[in-house]
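Engineer: Next one to model:
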Amino acid sequence: MAATPGDMDDMSSDAGHIAEEAAGGSPRAEATPPASAPSAKKDWYVLRVQVGREDTIKENIERRVKIEGLDDKFGQIYIPVEQYTERRGEKGEKIVIKKRKLYPGYLMIELEMDPRLVTLLREVSGVGEFLGGSMHKAPDPLPLVEVQRMLHNKGEKVSTAVVSRPKYDIGDRVKIKDGPFSGMDGEVKDILEQAAKVKVEVTIIGRSLTVELEYWQVEEL
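Structural biologist: Sure, this is the predicted structure:
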């Protein structure tokens, strides 16, 4: 029996359905685009660098990040700096405004812990490891409370340096009362009388960090 025009249409329709099903599709279903992966958030870390080269290293990192096109993985670098006044002269009649780095040899850096960015950092001259991390261990980010404290104190403050020897001594427990780690306790490791500074060891993310502070930034417990 010859096929009628209506039968031919039905056969053509059935063939189309079979072809679509063979391709894994559905004749009436529309393709659903895959959901985009959530973007990783950036965290703050402490990065060890060569003492005295903090500013140069910061600029080199920022330049390399831009050249390699990793801006989306990178946030910002913060070098804790403080402006202060120092009294000089026998009676302290001369006041000199100076600027200093609160934590020589360390940078606070905000980034996404991406392998490409970590490799880039290690290739920058003068850069060491992250505080709390190593070649085979990813570092832990700074706790939120420490980040908030750091950002709250960000900027330059003007304070007066105290030139007389402090009451505390090496081995004493003291409290930091100014700077990004304000409110933290630590142990006095050294007193630099000529510079009117004190070295205090604090613990961050389970790791010891020695910071150099002015006498007035630390108080007895």
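Engineer: Which residue ranges of the chain form helices?
Structural biologist: Shown for the chain, the helices assigned by DSSP state H span residues 5-22, 54-67, 115-123, 144-152.
Engineer: Mind jotting down where the strands sit in this protein?
Structural biologist: Under the criterion DSSP state E, the chain carries strands at the ranges 43-49, 74-78, 81-88, 94-101, 106-111, 127-130, 173-176, 185-192, 197-204, 207-214, 218-220.
Engineer: Mean pLDDT per element in the chain, and the minimum belongs to which helix or strand?
Structural biologist: In the chain, no helix or strand scores lower on mean pLDDT, DSSP states H and E than helix 5-22, which sits at a mean of 46.
Engineer: Now distance to Leu144, mean neighbour count and mean pLDDT too, for the strands of the chain, in a markdown table please.
Structural biologist: All C-beta spots, glycine's among them, are computed from the backbone N, C-alpha and C. Compiled in a markdown table, the strands of the chain are given as follows (distance: least, C-beta to C-beta, whole Å; neighbours: other C-beta atoms under 10 Å; pLDDT from 0 to 100):
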| stretch | distance to Leu144 | mean neighbour count | mean pLDDT |
| --- | --- | --- | --- |
| strand 43-49 | 9 | 20 | 92 |
| strand 74-78 | 15 | 17 | 90 |
| strand 81-88 | 23 | 16 | 70 |
| strand 94-101 | 24 | 12 | 75 |
| strand 106-111 | 13 | 21 | 92 |
| strand 127-130 | 18 | 17 | 91 |
| strand 173-176 | 19 | 18 | 92 |
| strand 185-192 | 19 | 16 | 90 |
| strand 197-204 | 13 | 18 | 89 |
| strand 207-214 | 18 | 19 | 86 |
| strand 218-220 | 25 | 16 | 86 |
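Engineer: With distance to Arg149 as extra columns, can I get these in CSV?
Structural biologist: Putting the strands of the chain into CSV (distance: least, C-beta to C-beta, whole Å) gives the following:
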stretch, distance to Arg149
strand 43-49, 11
strand 74-78, 12
strand 81-88, 15
strand 94-101, 18
strand 106-111, 11
strand 127-130, 19
strand 173-176, 10
strand 185-192, 14
strand 197-204, 11
strand 207-214, 14
strand 218-220, 16
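Engineer: So for Ile61, which of those strands sits nearest?
Structural biologist: Closest approach to Ile61 among the strands of the chain (C-beta to C-beta): strand 74-78, 6.5 Å.
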